[in-house]
Each structure stands twice: as C-alpha cells, then as structure tokens.
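# following is a predicted model, sequence given first.
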Amino acid sequence: MTKVKIEEYYRRWSERLTICGGVPSNILLPNSATDEEFQAFLDNLFKEIAPGKRFILGVADTTPRDADFSRLKRIGEKVQTRGRLPLESGAARPLPESAIRQAAERVAPQAADAVFQTVREDVLNGDEKAIPGHILELLKRGVDGKSILQKGLIAAMEIIGPRFKTGEVFIPEVLLSCRAMNEGLKVLEPYLSEDQKKKAGKVVIGTVKGDLHDIGKNMVAMMLRGIGFEVVDLGINVETEEFVRQVKVQAPHILGLSALLTTTMPEMKKVIQGLEKAGLRKTLKIMVGGAPVNQRFAREIGADGCGHDAAAAVDLAKEFMITR
C-alpha cells in the first residue's frame with residue numbers, strides 16, 4: 001500500500017477511516033527535495049485532500065534528524081491559514097503564539113545539532129577520505145568553524161573514548177578515528193580565529209629512558225588532540241634531562257610519562273625528582289601509564305595519577321584541568 005498516493009488513500013477511505021500522514025519524510029530534507037519541489041508538494045497536498053475531513057496531517061514514519069525546521073514551520077503555517085474546516089463554534093482551539101515559539105525554541109537546537117551528524121559519523125567510522133568534503137560543505141553553508149570543531153570533531157572523539165573503555169571499539173578503530181579527526185582539522189584550521197583555536201590544555205608526553213615502546217603513548221596523544229588538547233610528543237627513550245628541559249620551555253599543564261617495561265619504570269621517579277630539583281614540580285600535574293604501571297606505583301613515586309589505558313589517561317587529563 002505504500003505506493004498508493006495520498007490522494008488515492010483519501011478518495012478510497014476518508015469516508016470510513018481517519019487517515020494520518022501525508023508528508024513523506026524525505027520532502028523535509030534539503031538534499032532530497034529543492035525548496036520549489038517542497039512548496040509544490042505542499043500546495044498539491046492541500047488541494048488533493050480537500051475538504052480535509054477525517055484527515056490528520058503528519059510526517060510518515062518519523063521526522064528525520066536533518067529535517068529543515070523552516071519547512072516544518074511552513075507546514076504548520078499552511079495548516080493554520082488553509083486547514084480550517086467548518087467546525088462547530090468553539091471546536092477549534094489553535095495554539096497561542098507563545099506556545100508555538102516555545103516549541104520552536106525546544107526543537108531548533110536539536111535540528112541545528114543534526115547538521116554536524118555527518119562529520120561526527122566520519123570520525124566515528126574513521127572515514128578520513130570523506131570528512132574533508134563534508135566539512136567544506138558545512139563551511140559553504142555558512143556554518144562557523146568553531147561549531148564544526150566542537151559539535152562535530154570533538155563531540156565524536158568524546159564518544160570514542162568511552163567506547164574504547166567499554167570494549168565496544170579497539171585500537172585499530174581508535175587510530176582510524178584519530179586519523180579522520182586530524183584530516184578534518186587540516187581543513188578546518190584556516191577557518192578558525194586564534195581565539196577559537198584556544199586549547200583545552202597543554203600536555204608534554206613521552207616514553208622514559210630505555211623504553212622504545214610507543215603505541216599506547218601515541219594513542220593517548222592522538223586522543224588528547226582529538227578533544228582539544230595541545231600535545232607536545234617527545235617520542236621514545238627520553239632522558240630525564242630532556243623531560244625537565246621541555247617542561248621548563250613548554251610550561252605544560254600536564255606531563256605524561258609512559259613505560260611498558262618493568263625495568264624502565266624507575267625512570268619515572270627519576271623524572272619527577274628531576275622536576276622537583278629544578279623547582280618545576282608544583283606547576284604541573286603528572287600522570288603515568290603503561291601496562292605494568294598502576295595507581296599504587298603512581299602514588300609511591302609522587303605522580304598525581306595513573307591512566308591504565310588511553311581512555312583512562314584522557315579522562316584523567318580532563319579531570320586535572322577541571323581541578324587545577
């Protein structure tokens with residue numbers, strides 16, 4: 001029956017049944033129907049269902065998230081101006097303007113947020129090839145860069161972290177999402193003002209002396225960048241003196257120390273002692289991480305916290321910035 005046009009439904013059954021619907025969901029999508037096509041459809045609809053008895057106008061299935069809110073308003077205005085039937089006195093009780101405005105204010109943010117869904121999906125799906133084009137489309141439509149950054153890119157990375165923590169996604173998916181995020185930032189950066197480029201915080205991170213492992217450290221760095229942190233990655237096998245020098249030069253809010261070997265874990269304590277000796281310890285938070293590292297060890301060496309995996313390290317960094 002889905003192929004029967006609404007006028008045929010109305011002709012056949014309006015005498016016996018109350019018909020609900022009439023507006024296909026795709027007519028509300030700008031990328032599915034032009035404004036002229038939408039208006040022509042609306043005019044024809046009201047013509048075909050006249051006089052409108054036993055008919056409840058509605059959107060088929062559900063209103064899509066990317067629906068053009070102005071089109072929904074125009075449907076409402078059309079009903080108000082042309083949808084009045086010869087009802088008994090007092091039967092029609094149209095909503096007051098104040099109620100309509102309140103409803104519009106509630107719905108508008110949801111419609112606006114849906115604009116960024118494609119970009120979020122690109123990041124979540126790790127689609128580094130598609131995301132530049134989708135961001136450019138939003139920019140051409142007049143969407144500002146800061147909103148794309150916060151509601152598209154960063155919002156997606158805020159989803160990835162918890163999914164990784166609960167085992168819904170794994171290292172390859174996180175790495176792909178980070179790549180897509182980075183490709184998006186390349187396109188977006190020229191459209192951001194210096195004020196809009198303001199970072200969530202600054203982190204210096206590296207793997208301690210004698211340790212050549214960097215996969216976990218790299219994931220932490222990428223995920224932190226993804227949610228708006230500025231990250232200075234010192235790499236692997238970093239000497240204590242280099243950590244101290246970089247903290248002095250970079251003045252970060254957070255220092256991240258990574259070690260995968262039990263034999264290199266003592267180097268973390270040496271770094272903290274070096275910072276204390278240089279008078280730099282009180283100016284920053286220190287988090288440690290790596291497979292053999294735990295919260296007890298972090299306390300013993302004087303660190304501020306331990307991230308047992310990349311997602312936990314990101315949460316810890318966010319907590320540090322809130323409580324600093």
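That came through, no problem. Residues are numbered from 1 along each chain as shown.
# ok, what's across the strand from G289?
S258, G307 (DSSP bridges).
# which stretches in the stretch 1-150 of the chain count as strands?
Along the stretch 1-150 of the chain, counting by DSSP state E, counting those that start in this stretch, strands occupy 19-23, 55-59.
# between the first one and strand 55-59, how many degrees?
Comparing the axes of strand 19-23 and strand 55-59 via axes from the mean of the first three to the mean of the last three C-alpha atoms, to 10 degrees yields an angle of 40 degrees.
# can you show me the CA trace of strand 19-23 as CSV?
The C-alpha trace of strand 19-23 is given here as CSV (Å, rounded to 0.1, in the frame of the first residue of the first chain):
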residue,chain,number,x,y,z
ILE,A,19,-6.1,8.8,7.7
CYS,A,20,-2.9,10.0,9.3
GLY,A,21,0.2,11.1,7.4
GLY,A,22,0.6,12.7,4.0
VAL,A,23,4.0,14.2,4.4
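# ok, that strand: who's next to it in the sheet?
strand 55-59 (parallel).
# who's in contact with the partner strand?
By C-beta atoms under 8 Å, 6 or more residues apart in numbering, the surrounding residues in contact with strand 55-59 are 10, 14, 18-25, 28, 49, 75, 79, 83. Where C-beta positions appear, they are placed from N, C-alpha and C, glycine not excepted.
# just to revisit the earlier point, what's the closest of the strands of the stretch 1-150 of the chain to K269?
strand 55-59 (63.2 Å; C-beta to C-beta).
# what ranges do the helices span in the stretch 151-300 of the chain?
With DSSP state H, counting those that start in this stretch, the ranges of helices along the stretch 151-300 of the chain come out as 155-165, 171-188, 215-226, 240-250, 266-277, 295-301.
# quick check: mean pLDDT across the fifth one?
Mean pLDDT, taken over the full extent of helix 266-277, equals 98.
# list the helices and strands that helix packs on?
On a contact count with 3 or more C-beta pairs under 8 Å, 6 or more residues apart in numbering; DSSP states H and E, helix 266-277 meets helix 240-250, strand 254-258, strand 285-289, helix 295-301.
# now the angle between helix 240-250 and that helix, please.
50 degrees.
# top strand in the protein by residue count?
Ranked by number of residues, the top strand in the chain under DSSP state E is strand 201-207.
# and the angle for the host helix or strand of K318 with helix 215-226?
Assessed by DSSP states H and E, K318 sits inside helix 310-323. Angle, helix 310-323 to helix 215-226, by the same axes, to 10 degrees: 50 degrees.
# list the buried residues in helix 310-323.
310-318, 320-321 (16 or more other C-beta atoms under 10 Å).
# picking that back up, tell me the most buried of the helices of the stretch 151-300 of the chain?
When the helices of the stretch 151-300 of the chain are scored by mean count of other C-beta atoms under 10 Å, the highest mean neighbour count falls to helix 215-226 (a mean of 22).
# put the alpha carbons of it into PDB.
Below are the C-alpha coordinates for helix 215-226, written out as PDB (Å, rounded to 0.1, in the frame of the first residue of the first chain):
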ATOM      1  CA  ILE A 215      51.800   2.600  20.700                       C
ATOM      2  CA  GLY A 216      50.000   3.300  23.900                       C
ATOM      3  CA  LYS A 217      51.600   6.700  24.300                       C
ATOM      4  CA  ASN A 218      50.700   7.600  20.700                       C
ATOM      5  CA  MET A 219      47.100   6.700  21.300                       C
ATOM      6  CA  VAL A 220      46.900   8.900  24.300                       C
ATOM      7  CA  ALA A 221      48.500  11.800  22.400                       C
ATOM      8  CA  MET A 222      46.100  11.400  19.500                       C
ATOM      9  CA  MET A 223      43.000  11.100  21.700                       C
ATOM     10  CA  LEU A 224      44.000  14.200  23.700                       C
ATOM     11  CA  ARG A 225      44.500  16.200  20.500                       C
ATOM     12  CA  GLY A 226      41.100  14.900  19.400                       C
END
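# now that helix: average pLDDT?
90.
# one step back: mean pLDDT and distance to I215 for the helices and strands packed on helix 266-277 - can I get that in TSV?
TSV is the format used below for those (pLDDT from 0 to 100; distance: least, C-beta to C-beta, whole Å):
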stretch	mean pLDDT	distance to I215
helix 240-250	98	20
strand 254-258	98	10
strand 285-289	98	12
helix 295-301	97	20
